[in-house]
Structure formats: C-alpha cells, structure tokens
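Colleague: Model the following, please.
(2 chains)
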Amino acid sequence: MTNEIILSVSKLRKWFPVKSSKVFGEKQYVKAVNDITFDIHKGETLGVVGESGCGKTTLGRTMIRLIEPTSGKIVFEGKDLTAFSEKEMRLARKDLQIMFQDPYGSLNPRMTVGDIITEPYVFQKMYTKKERIEKAVELMKICGLDPVYIRRYPHEFSGGQRQRIGIARALALRPKFLVCDEPVSALDVSIQSQIINLLMDLQQEFGLTYLFISHNLSVVYHMVDRIAVMYLGNLVELADKEDLYQNTAHPYTRALLKSIPSLDFSEEHKLRAALKGDIPSPINPPSGCVFHTRCENCTERCRQEVPPLREIAPRHFTACHLYDGQGKIVDA
Amino acid sequence: MRFFKRKSDVFNSLIEGAEGVTYTSFYHDAFKRLRRDKVAMVCLAVVILIVVAAIFAPLITPYEEDYMDIGNELSGPSAEHWLGTDEFGRDVFTRIIYGSRVSLMVGLVAESIAVAIGLIVGAVAGFYGGKVDAVLSRIIEIFASFPHILFAIVVMFVLGTGIINVFIAVGVVGWTGLARVIRSQIMQLKQKEYVEAARASGGRNMQIIFRHLIPNCLSTIIVVATMNIPSDIMYEASLSFLGLGVQPPQASWGSMISEARKFMRQNPGYSVFPGVALIITVLAFNLLGDALRDALDPRLKNL
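Modeller: Here you go, the predicted model:
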C-alpha cells in the first residue's frame, strides 16, 4: 500500500427520483448516495460496510459510472471520470471493473465460460480469436479453474466456481481498480475463505486496488486495510481497520460492531445495546444527523445540524457532533 | 454433434485434455426433454412429413397440379384418384399436397415477418423504456385492438390479392402478441447482473441487445412463433375461403374448401379432405408449440 491516490470521489451524490402519486408537489428522491467524499490509495482494500439499503452497492456502481452520478466528481488517476464522453468512458472501463454478489445472475446462461471470460475483449476490440482463447485459458488457470471446462455453461458449475468465473471476467482487461460487491455473501462459509484468499492473492500479483462492499464484518476484518461505514446514504466513519475496531468513534459504528455475534457470554457483552428501531426511509431522511432517531447520544443539535466529516485523529474521520473539535467525549 | 466438430478441434489443439470433457448447452437439455415427450415427437414427425410433402410435391403426387381428368368430375375416392376429384376433374389429393406449400409458406414467411416486427418493436420498447416505450406500447395496442381477420381483409383490399400480399397481411396482423411478450422479457433481462457486467467492460447497447438479451429471449420467440403458425395458416385459409387470398388455379386449402361448398351433395369428400389436412397441420403445430414451451420454459429449469 502506498500513499498514492488512485481514485477519489468528492461530494458524490446519487439521488433516484421516485414516482410520486401526486401530480403536483415536490419531486421526491431516494438519497442512496449523499455527498460522499473519500480517497482510495493505490494497492489498498477499502471495505464499505453498513446495513441493507444504506447505499453501499449504489456507491460502488456510481464510482465506476455504471450508474450515472447525480452530482459530484470521480477522479481516477488524476482525470475526472464524470467529464468523460461515452467513448472515452468505454476505454476507461478497462481499468475499472466490478464483480457481483449473485453467482447465478451475473453469468449469462446461454454463453460458455470461454465466451463469458473473453467478452470484454470483444467490446474493447482486443486480440484475435485465437489469442482470446489463450487468454481465457490463462485467466481460468489464474482463478483456479481447470481450462478443460472452457466450453461448459454456467449451470454446470458450483457457486464458488461461478464466482471464480466472475473474477476471471473482471480481470480479463487487467483492471487497476476492482469493485467487489459482496463477492462472498452468497457462498458457503467454506467456499468464502477460498474466494477471499484468491482475491488477496490476485491483489498481490496484479497490484489491484479493491473497493470491498460487504455487510459481514468478520470477512471485512480479514480482508481490508481501511473501513468506510455508511448509514442511510451517508459516510459516517472512515478509518484504518485496527483503529476503527479499537477506537470506534461514531455511535452507529459502535452499535454495528457490538452486533457481531460471538461466543462471549460475559455480563458486559450481554449488556450490549442493540440498535433500536428500523432504518428510516431514505426518501425522507431525518433532519440534521441522519442517525439521530436511533442514536443513544442524541442531542438537540443533532436534530438540526448536519455533522460534517471531520478528522478526529490522524487518518480517522467521522461525522458526529460528539467529536466537535475539543477531543474525544467520554464513552456513554 | 457434428455441428460442433470443427469448433472443438480449435479448442482441443489449444487446451490439453479438453477432448473428453462433456458440456451441455441449454438447448441440448431442452431437446433431451422434448425427445421424452411422445406427443411432441409424433407432432414433430407429422410436421416434418408435411414439410417433405410440400417440398417434393411433384414427385409424390400422381398428377399435375392442374391436370383435368375430363369426364371424371366430382368422383369419390377410387384407386385412380385416392381422394376423389373436383368439379374440373382435378385430383383432390394432388391439390391438397400442393396446397400444403401455400399453408407452410404462409406459416414460415408471414410468421418471419411477424417475428421481425414484433422482436424489433418489443426489444426497443423494453430496452429503452420511458417515452419510447410509451409510444411503442400505444402503437402495439392500436394494432392489437383491430379484429385480426377484419384487419387482414382490409390489408388485402388495399394491396390486392396474391400470395405475397397474403404473407404481408398475415404478418402485419400477427406481431403484437410477440412484441408484448418480448418487451416484458427484455425489461426483466436488462436488470440482470451479466448485462451490467457487459456494460462495465464497455459493451454498447446494440452489443448488449444482440449478445445477451435476444439470445435469452430465443426460447420465447421459438415457442410464440410455433404457436402462432397455426393461426397464420388459419388466416390464410380464411382469406382464401373469402376469395381474397390465393387465386385459382393455384391450390390452397381455404379456396378448395370454399369451392367445394357448392358440391357438398355430389362429392362430400372434396370439402372434407382439405379440411382434415388443415386440422391435422394446425393441431400438429399447436401441440408441438405446447411441448416446446414445456421443454424450453425457463421456470421449469433453475437457470
């Protein structure tokens, strides 16, 4: 991991318009990604965690312009992707790839594995037919698949193998940045570690940078360097992995970490405060700090004023009024 | 299997040990399932028989299409004329075989026209959505709201009679059902993650439509087209019955039945046999379509 920034997003926003039954009146939006700003360093793995519906997936897809951002900037290697024309973007996609959660939905059932893996070459008009087959064989070997199965169809593989096919396809164009959208959450626990180890090996070999989206905190802890915590479309905390687990700042992150099931039967652990209530609607998010409806440290200020993301310690960012300038506030 | 022969040579030379590896595509599986269905296989045999008869009509038939056995008009079935003769002494069996050419051509050409229109309209509406979809959907509804046969009659009046115009009339009438089905299926398919993956590696809209969306609609297209062929054949027969379709002396089942009406008392077989041919053909295509739907239905297979 270096300090060189490969990709940075600033004020990235994706609001999905909602069809309202009212003809008149204000247009409503689902604020899936709301003014998010952060950098990713070359060669690192940034984990994105948060509960379902908090905008993790939308963030990952918006970052590589698979979903057009509503506003904000995405700077990749010094160039602003949002300013790219369609043609420029198509070329830039070589460097930005994605792998998906669902090993069944992400592979076209009518195509052979070889066709699936070499399809990116067709789109980018790279190599001859023979070279493409050779490349596919190589990629299958790298991803731990036996190339003799190159003419098989996706339904003839297991979930873990399909996920390897997905990885091979994502690597075909030799990308620099890979969005992993919950790559293991649909797999057996025994297979999960295989895929994670494969991803980590590939990172070493090809110097990849990952954005690792997951809701499984144990997997994230094993895999990533830094963690970004999202809540209701907002980035609430961003810190190095160890720092985040040791010196948890944001009340939401604290609740999230406490929710990890464990075999600790001590009294202290039993007293853990689970988050109360449901996640509010992203169409009409709470005013002020979006977390104030469920926060145990909520004050009047939280209801009115949006907390900005602040660096409360070196490389440790959080968006919470509790850490307003004068150092840490005592744990509640 | 021979079909894949050449392609596999390329792979075998490049990949060590690839020779013995089996692989089954979706269509292999579907055909296997179809083969287990006895009714379907009988229907397939009937369809093939009709197709062969139509292609080799001059070799099979004992007489020329318009040979008149003068003095032997409106005779019943005999060794000389298996299914009897019509009012000009022409052999009914011969004319039924030649009539199958018209029916199958209508099934094939008119349905191709219908599939082409339906597929393009449905795919564009489903893929682009929004205003494009709204406009195209209204057009589909306008076409679908005419009574089919009436619409075909109007088209025939405008274009004039003749077999080419029958193709056009029947094709223009029959595309709306397919367009609707394709539209909804494309709307579903474009949400799939493999479409997103294609976009992520730089696929253009047209590439995505032709590489991912249409191949996944293909089984639907096959089923809908097969199920529509019988109704196309019926439309042609109806138009010819009304005198708007195929013109004499060319034989068509519809026009034969129409002519035979006048001679029901003298030779009932003259109207019955073309009707039976029509029923068998329509039934065979219908049952085959049903069986294809069962074999190809993606819901029965968890893909």
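Colleague: Where does the prediction get shaky in the stretch 151-300 of chain A?
Modeller: Scanning the stretch 151-300 of chain A for pLDDT under 70 picks out A:264-274.
Colleague: For it, which segments count as helices?
Modeller: All helices of the stretch 151-300 of chain A, identified by DSSP state H, counting those that start in this stretch, fall at A:159-171, A:189-206, A:217-223, A:241-246, A:251-258, A:267-270, A:300-304.
Colleague: Same list (those) but as TSV, adding distance to chain B and mean neighbour count.
Modeller: In this view, the C-beta of every residue, glycine as well, is placed from N, C-alpha and C. Conversion of these to TSV gives the following (distance: least, C-beta to the nearest C-beta, whole Å; neighbours: other C-beta atoms under 10 Å in any protein chain shown):
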stretch	distance to chain B	mean neighbour count
helix A:159-171	6	24
helix A:189-206	16	15
helix A:217-223	20	18
helix A:241-246	27	16
helix A:251-258	27	21
helix A:267-270	38	8
helix A:300-304	37	14
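Colleague: quick one: which of those helices is nearest A:K56?
Modeller: Among those, helix A:217-223 comes nearest to A:K56, with 11.2 Å by C-beta to C-beta.
Colleague: Tell me which other helices or strands the closest one touches.
Modeller: strand A:45-49, helix A:189-206 (3 or more C-beta pairs under 8 Å, 6 or more residues apart in numbering or on different chains; DSSP states H and E).
Colleague: okay, the ones you listed in TSV with distance to B:V52 next?
Modeller: Below are the helices and strands packed on helix A:217-223 laid out as TSV (distance: least, C-beta to C-beta, whole Å):
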stretch	distance to B:V52
strand A:45-49	63
helix A:189-206	53
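Colleague: Tell me which of these sits nearest to A:V113.
Modeller: So among these, helix A:189-206 is nearest, using C-beta to C-beta, at 16.4 Å.
Colleague: Would you mind getting the angle between that closest one and strand A:45-49?
Modeller: 140 degrees (axes from the mean of the first three to the mean of the last three C-alpha atoms, to 10 degrees).
Colleague: ok, residues contacting helix A:189-206?
Modeller: A:43, A:45, A:142-144, A:158-160, A:163-164, A:167, A:171, A:174, A:180, A:183-184, A:187, A:208, A:210, A:219, A:222-223 (C-beta atoms under 8 Å, 6 or more residues apart in numbering or on different chains).
Colleague: switch to 10 Å and redo it
Modeller: Helix A:189-206 is contacted from outside by A:43-45, A:99, A:103, A:142-144, A:158-161, A:163-164, A:166-167, A:170-171, A:174-176, A:178, A:180, A:183-188, A:208-210, A:212, A:216, A:218-219, A:222-223, using C-beta atoms under 10 Å, 6 or more residues apart in numbering or on different chains.
Colleague: Now do the buried residues in whatever helix or strand A:V75 lives in.
Modeller: Applying DSSP states H and E as the criterion places A:V75 in strand A:71-76. By 16 or more other C-beta atoms under 10 Å in any protein chain shown, the buried positions in strand A:71-76 come out as A:72, A:74-76.
Colleague: what about the strands in chain A?
Modeller: Assigned by DSSP state E, the strands in chain A fall at A:5-18, A:28-41, A:45-49, A:71-76, A:79-80, A:96-99, A:177-181, A:209-213, A:226-231, A:234-240, A:310-313, A:316-318.
Colleague: Excluding chain neighbours, give the residue nearest to the residue positioned nearest the centre of chain B in space.
Modeller: Using C-alpha atoms, centre = their mean, the residue of chain B that lies closest to the mean C-alpha position is B:I229, 3.4 Å off. Once flanking residues are discounted, B:I229 sits nearest to B:G107: 4.1 Å by C-beta to C-beta, 6 or more residues apart in numbering or on different chains.
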